[in-house]
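1. predicted model and sequence follow; I will ask about them next.
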Amino acid sequence: MSRTALAASLIAIGITAPAWGAPVMMSGEWAKAACDAWNKDPVLTDKLVESGWVANDKGRGYKIMQVYRTDCGDKPTAELRVALENGKATCVYGGAPQADRLDSGADYVMKAETARWIEMGRGDYGPMRAMFMQRLGFDGPKLEAMGNMGPFENFLLLVGKVASETGTCPGK
């Protein structure tokens, strides 16, 4: 199948065309790029300090967020770690999941179908609607997340800002 035909087919079913040469969405390589994008977003780096979000790290010195695409499996395929550095909520690691255990009082796991991640990344809807409509699965400190909907939305928008290929699954 030609690239043009593949792109047209994907668009017809609501999936964006692959970004040739870009990392697979929600892969370790993608998480590294997402980490870099996080550090360039002042809402994430500043507001998550002001709200106290980044300080809830259970004494480890960082928070963990793991994400995955549910149509690609049932476990996280990418991990971001965020720590307080120089007064900023800084992403200090982006890559394949490394945490053996998450702390449900500080850490997050988010999951959605690829098409839903793409919609959220475009800003079609924010985290409140995504969770209400059950388009985004979410584990972690819910009250903390509810108090940080603005930054949470910016995190979801990172999916649209980080170039990625969606035609294959991470690790495939």
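-> Yes, it's here. Numbers count the residues shown, from 1 in each chain.
2. okay, stretch 158-169 in CSV with CA atoms only?
-> Listed in CSV are the C-alpha atoms of stretch 158-169, where the atom choice follows Å, rounded to 0.1, in the frame of the first residue of the first chain:
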residue,chain,number,x,y,z
LEU,A,158,1.6,17.0,24.7
VAL,A,159,0.4,14.0,22.9
GLY,A,160,-0.5,16.2,19.9
LYS,A,161,2.7,18.2,20.2
VAL,A,162,5.1,15.3,20.2
ALA,A,163,5.5,13.9,16.7
SER,A,164,4.6,10.2,16.7
GLU,A,165,3.8,7.3,14.5
THR,A,166,0.5,5.6,15.4
GLY,A,167,0.3,2.8,12.8
THR,A,168,2.2,0.4,15.0
CYS,A,169,2.2,-0.4,18.7
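3. let me know the secondary structure of residue 130.
-> Following DSSP: H, G, I helix; E, B strand; the rest coil, residue 130 is assigned to helix.
4. quick one: it and residue 136 touch, right?
-> Yes - under the criterion of Cβ atoms under 8 Å, residue 130 makes contact with residue 136 at 3.8 Å. No exception for glycine: its C-beta is placed from N, CA and C like everyone else's.
5. give me the common contacts of the two.
-> Common contacts of residue 130 and residue 136, defined by Cβ atoms under 8 Å, 6 or more residues apart in numbering, comprise 112, 116, 120, 156.
6. buried members of those into ChimeraX, please.
-> In ChimeraX syntax, the buried subset of the shared contacts of residue 130 and residue 136 is picked out as below (16 or more other Cβ atoms under 10 Å):
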select :112,116,120,156
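7. looking at the shared contacts of residue 130 and residue 136, which are in strands?
-> Among the shared contacts of residue 130 and residue 136, the members falling in strands (DSSP state E) are residue 112.
8. which one of the shared contacts of residue 130 and residue 136 sits closest to residue 76?
-> The closest of the shared contacts of residue 130 and residue 136 to residue 76 turns out to be residue 112 (Cβ to Cβ; 12.2 Å).
9. that closest one contacts residue 134, correct?
-> No - under the criterion of Cβ under 8 Å, residue 112 makes no contact with residue 134, lying 9.6 Å away.
10. how about the nearest residue to residue 93, chain neighbours excluded?
-> The shortest distance from residue 93 to any non-neighbouring residue, by Cβ to Cβ, 6 or more residues apart in numbering, is to residue 81 (4.0 Å).
11. helix, strand or coil for that neighbour?
-> Relying on three-state DSSP, one would call residue 81 strand.
12. look up how far residue 109 lies from it.
-> Applying Cβ to Cβ, to the nearest Å, the value for residue 81 to residue 109 is 14 Å.
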